Structures are given as structure tokens and as C-alpha cells.
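[1] Have a look at this fold, sequence not included:
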């Protein structure tokens, strides 16, 4: 397990909701997400292929995640989203986030998982310089 990825996932999960930014043409589009995991030394998230987020990611895979942390700090994670169609990756996401089973299965046609490639992650603070995680 990658310690940097493990830390990033832990911080995003502690925030309970993180914000997921994509581009819709030239317009930023941000929405809350709450499911993330580490699998095969990569950070994964999911979406539904009927949602605008899915279409935006396929048009421009550059995304950014942001979550508020304690004490005037926040984490920002950016990278390129890469679709993973393997059943194993979908199953891992469902196991890491059991509440998703109410809506999805690893064999349905709408559940999509992605991992981040070329990732950068920093913890920012109101009072200090950013801490570079990766």
C-alpha cells in the first residue's frame, strides 16, 4: 500500500464529503463526492455514466478534488482521470464503500470507476506554506 495515497484517502474520507471539479466546456463544474479508495497503489473514485461528471471527464480528464480539514487547512488533489472497466476495480470500490451497493453492482452498465494518474496533492493552510504530499 502506498503511504502517500493511504494518507490522501484517509484525509478525504475524514472530511466526509470532498468537492470534485471538472470542466464543462470552459466552465468549471463542482459537486460533492464521498466515495474514494486506494486500489493497486492508485486513488480511485466513481461516478454514474448517466451523469454530467462522466461526460465531462471523458471530454477532459483533468480533475481536481478539494476537502476542508481541521484548523484552517484543506487538501487539494489533482490529476488525470483514467477509466478502469475491470470488474475487480469495481468490486474493490463497492467493498471499500458498502453504501454504494444500494445503487450499483460490479456488473451493472452504469457504475464507472476511475483512478488518478499524474497526481499532485497538497495540504494548504491559511497561515503556512503548502505541504506537498506528491
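    Done, it's in. No experiment lies behind these values; they were computed from the predicted model shown.

[2] pLDDT below threshold where in the chain?
    When the per-residue scores of the chain are filtered using pLDDT under 70, the ranges that remain are 1.

[3] can you give me the helices in it?
    Remark: helices assigned in the chain by DSSP state H are 3-14, 52-59, 87-96.

[4] any idea how far the shortest one is from the chain center?
    Spelled out, it's helix 52-59. Helix 52-59 has its C-alpha centroid displaced from the chain centroid by 14 Å (CA atoms, centre = their mean, to the nearest Å).

[5] Let's have the helices of the chain in CSV, adding mean neighbour count and distance to residue 28.
    (C-beta placed from N, C-alpha, C; glycine too.) As requested, these are arranged in CSV below (neighbours: other CB atoms under 10 Å; distance: least, CB to CB, whole Å):
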stretch, mean neighbour count, distance to residue 28
helix 3-14, 17, 19
helix 52-59, 17, 10
helix 87-96, 18, 25
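
[6] Contacts only, for the closest residue in space to residue 31 that isn't next to it in sequence.
    Excluding its sequence neighbours, the residue lying closest to residue 31 (CB to CB, 6 or more residues apart in numbering) is residue 20, at 5.7 Å. Contacts were defined as CB atoms under 8 Å, 6 or more residues apart in numbering; by that measure residue 20 touches 30-33, 45, 53, 63-65.
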